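1. No letters, just coordinates:
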């Protein structure tokens, strides 16, 4: 199977960017994240970031590379690629965008997060480096381990209890918008 055939096979399971953008969701600030999928379809896994513990927003959380759309970004896809390059030095040319997922709203920050899925080479081949001002470390987890680590949990966030989907792998807890995005991807695959 060629790389293009792999990407096409993945794209058939995803939304187009236009379909995703037309999906109703809340949030006053547009942001985008990149789900960098490696090993597709034989042994797929995803690249995550662990945010620095001293950040003002989402400190210490596990997330996909991404952030707010800048006025200079040509599209939300461009935002996701730019942010992945800024946060983990992922060359945009090394990503074959396959499609999008349903946008997700964040409760605390009021963002409308647009997830984009792209295939990449194995993480060790990419030369990923965390941006020390934002990212503590780059994490990679197989989809198999992520599925095994799923649980609904009661978490307390800023004194408010929430019942939310979570994924725990090797002591890393994925929850919130990242977990909801991940759940959408896993259900499609």
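-> Structure received. Computed from a predicted structure; not experimentally measured.

2. First-to-last residue distance for stretch 140-159?
-> Taking Cα to Cα, to the nearest Å, the first and last residues of stretch 140-159 lie 30 Å apart.

3. average model confidence for that stretch?
-> Looking at stretch 140-159 alone, the average pLDDT works out to 90.

4. same thing with stretch 182-189?
-> Stretch 182-189 comes out at a mean pLDDT of 97.

5. Okay, buried residues for that stretch please.
-> 182-185 (16 or more other Cβ atoms under 10 Å). Where C-beta positions appear, they are placed from N, C-alpha and C, glycine not excepted.

6. One more: stretch 82-90?
-> 82-88, 90.

7. my read: residue 66 touches residue 30, true?
-> No. In this structure residue 66 lies outside contact range of residue 30 using Cβ atoms under 8 Å: 11.0 Å.

8. pLDDT weak spots in this structure?
-> The chain contains residues with pLDDT under 70 at 52-60.

9. At the geometric centre of it, which residue do we find?
-> residue 64 (3.2 Å; Cα atoms, centre = their mean).

10. Would you map the strands across the protein?
-> 29-38, 45-51, 62-63, 66-68, 96-100, 104-105, 111-120, 135-142, 150-157, 160-169, 172-174 (DSSP state E).

11. how about a markdown table for these, with distance to residue 77 and mean neighbour count added?
-> Listed next are those as a markdown table, based on distance: least, Cβ to Cβ, whole Å; neighbours: other Cβ atoms under 10 Å:
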| stretch | distance to residue 77 | mean neighbour count |
| --- | --- | --- |
| strand 29-38 | 7 | 23 |
| strand 45-51 | 17 | 22 |
| strand 62-63 | 18 | 22 |
| strand 66-68 | 11 | 21 |
| strand 96-100 | 6 | 21 |
| strand 104-105 | 16 | 20 |
| strand 111-120 | 5 | 26 |
| strand 135-142 | 21 | 18 |
| strand 150-157 | 28 | 12 |
| strand 160-169 | 25 | 15 |
| strand 172-174 | 23 | 19 |
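
12. Many thanks, we can stop here.
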